[in-house]
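Peer 1: fold the following for me, if possible:
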Amino acid sequence: MGNKQKAEITDTEANGPALTDALMVEGAKMDESDVPEREKWGGKMDFLMSCIGYAVGIGNVWRFPYLCFKNGGGAFLIPYLICAFGAGLPVFFLEVAMGQYTSEGCVTVWKMCPIFKGIGYGTVVIVCLLNFYYIIVMSWAFYYMFESFTTVLPWSHCNSTWNTNSCRPLEELKGLNLTREERSMFVDPTEEFWNYRILERSPGIGESGHINWQLMLTLALSWVVIYFVVWKSVKSSGKVVYFTATFPYVMLTILLIRGLTLPGAGKGILFYLTPDFSRLANAEVWMEAGSQIFFSYAISTSALIALGSYNKYNTNCYRDSLIICAINSLTSLYSGFVIFSVLGYMADALGVDVKDVVKHGPGLAFIAYPKAVTLMPVSPLWAVLFFFMILLLGVDSQFVGVEGFLTAVVDIFPKYLRKGYNREIFTAIVCFVSFLVGLSMVTQGGVYVFHLFNNYGAAGFCLLWFCFWECIAIGWVYGAERFYRDIESMIGYRIDPWMKICWLFISPTICAFIFVFSLVMYERLDYEDKPYPLWGDLFGWVLALSSMLWIPAYIIYKLTPWGTPGPLTIKQKWAMLVVPVLARDLTEHHRGEYDIIGIPFIKNAHVVNVNPNEVRINGEKFEQATNV
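Peer 2: So this is what the prediction gives:
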């Protein structure tokens, strides 16, 4: 459609509902002949494997087993599955389907509902913060793996320069008649290796100290690996994931077989699965179940929309989403057997209860399991294999997160970043800047910064906030029924109504409940029972609000004269800004509902011509119709 055409919309109603039509003219400016074609997945399995690799991460190995035994063992599966079917799966499918339907990243996908474009900007901030700190886990894994290439593991004894006078292998304390207080005076070499060799940990976040040059080098190596995985977009990453997403399952199976043959393994698995139904009356259990689902499924991190956007239009994303979510949850459960079979052996060897050897968070992967490895025959081999698995899990999650960020930015500036080697250069700049930010987490106080980013930057309540508004935007504003027709046009059949019911009612209710409860139960952040200073907590809230405030801020901005100039009331602006901005090929299946260039029919409104730079409403020129 030529740029010299004009659009005039007449409206016989004084209220001016045809103002919504004016905004849709933005679809007319989609003359992208000078924009390089957007990439698609090279094979049918590329998308599936990439999503599995991203969603199945290190959290499945350490966080789910910990939460399961902490919150009632097998009973924890009840709130976990309810949250999975009521919110996790529906929102996962929602994001993938949005990306596939529009072939856009997490910002430009909100052409579907322009007033909520702040959701896109906010999730870009989340994935950016996630990319800054998540890769630190890869640098730790690299460090441990390199240290494992030896005949005697350095964390198996107290003869190293970093060990203190309190160092004593816990197995040497077995059988001694010591009180709990007397036992607490001794520190296992595994824990000292983690604190004084890997982290070189300072007393607190206020004492950053010097940079750990070994961690700096492994961090640099991690970013080099990620760069060469994503530098050619899905052309390269879509192939790498076939190895990185499948090999961890081979390793988990090997470790499970080995774990089940160890004495005391049954004790650990029994502890893992023994249900305590009384815990279900505790609202905190439900909050942690929901938070684990959203974190594990990688919802609201922009990556799922990006991955879906590289699908071909007729890909059965509904089937794929069911498969991916099922694999994710089953992997979490499977990892629990792997971890607790080894922890049961460790508890048996040390003569303590299983609950006394389990650490939360990184401690489970970087203290408890390394300790268990030292008690096994040929321990260096098992250490190399375990940390190589952790490394691959980290690579999967990290490169998809980076791809999600890159996709969002490239789709905003396609004319510049899809040409020549511009994308490769931009990717190198992103990786380098992220490396510089990551240096703050490889100092002596770096683990406190990491903990801060982990609890605020991409925290559960941030993800819940965005999930809630995604459901509201698509379910209630864009229209759940309309999106069902969109999905039907893609996959060729109409899916059951469960997803629509969840988007409209169940998912936002679950998100709102857990979000409010998490705020009510909020406590100052601490690390190993040492509280952060007030300024540390405030900085954490700055990280959280840097993403969350995008939604209300963007809505307010677009309703002001600066965001949408013109003699329009707030009600008229809202009416304009909730209408989808879609190209012709996305609206063919809405016949009878849309006119040219995706403009919906409004009663008593008439579209004469279209010009993306000049729209007339009731005979008056409207200048800013294309500024969404």
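Peer 1: pretty sure residue 258 contacts residue 378?
Peer 2: No. The pair residue 258 / residue 378 is not scored as a contact, 10.2 Å apart, by C-beta atoms under 8 Å. Just so you know, the C-beta spots here come from the backbone N, C-alpha and C atoms, and that holds for glycine as well.
Peer 1: ok, the two, which is more surrounded?
Peer 2: Neighbours around residue 258 and residue 378, counted as other C-beta atoms under 10 Å, are more numerous at residue 258. The numbers are 18 against 8.
Peer 1: let me see the contact set for that one.
Peer 2: Residues near residue 258 by C-beta atoms under 8 Å, 6 or more residues apart in numbering: 376, 382.
Peer 1: which pLDDT value belongs to it?
Peer 2: pLDDT recorded at residue 258 is 85.
Peer 1: in what helix or strand does it lie?
Peer 2: Applying DSSP states H and E as the criterion places residue 258 in helix 247-260.
Peer 1: before we move on, what about residue 401?
Peer 2: Counting by DSSP H and E, residue 401 is part of helix 379-412.
Peer 1: what residue ranges in the stretch 51-200 of the chain score low on pLDDT?
Peer 2: 180 (pLDDT under 70).
Peer 1: now with 50, please.
Peer 2: Along the stretch 51-200 of the chain, no part satisfies pLDDT under 50.
Peer 1: where along it do the helices fall?
Peer 2: 58-70, 77-83, 89-102, 117-147, 180-183, 189-192 (DSSP state H, counting those that start in this stretch).
Peer 1: which outside residues touch the second one?
Peer 2: This points to helix 77-83. 68, 280, 285, 286, 289, 290, 292, 293, 329, 333, 510.
Peer 1: swap in the first one?
Peer 2: Applying C-beta under 8 Å, 6+ apart, the external contacts of helix 58-70 come out as 74, 76-77, 80, 137, 271-272, 288-289, 292, 295-296, 328, 331-333, 335-336, 338-340, 354-355, 358, 360-362, 364-365, 390, 393-394, 397.
Peer 1: mind redoing it with 7 Å?
Peer 2: Residues lying outside helix 58-70 but in contact with it, judged by C-beta atoms under 7 Å, 6 or more residues apart in numbering, are 76, 137, 271-272, 288, 292, 295-296, 331-332, 335-336, 339-340, 358, 360-361, 364-365, 390, 393-394.
Peer 1: quick one, which of these are buried?
Peer 2: 76, 137, 271-272, 288, 292, 295-296, 331-332, 335-336, 339-340, 358, 361, 364-365, 390, 393-394 (16 or more other C-beta atoms under 10 Å).
Peer 1: among the residues you listed, name the ones in helices.
Peer 2: Taking DSSP state H as the definition of helices, the buried ones among the contacts of helix 58-70 contribute 137, 271-272, 288, 292, 295-296, 331-332, 335-336, 339-340, 390, 393-394.
Peer 1: circling back: can I get the helices of the stretch 51-200 of the chain in a markdown table including distance to residue 206?
Peer 2: Formatted as a markdown table, the helices of the stretch 51-200 of the chain follow (distance: least, C-beta to C-beta, whole Å):
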| stretch | distance to residue 206 |
| --- | --- |
| helix 58-70 | 28 |
| helix 77-83 | 37 |
| helix 89-102 | 38 |
| helix 117-147 | 19 |
| helix 180-183 | 29 |
| helix 189-192 | 23 |
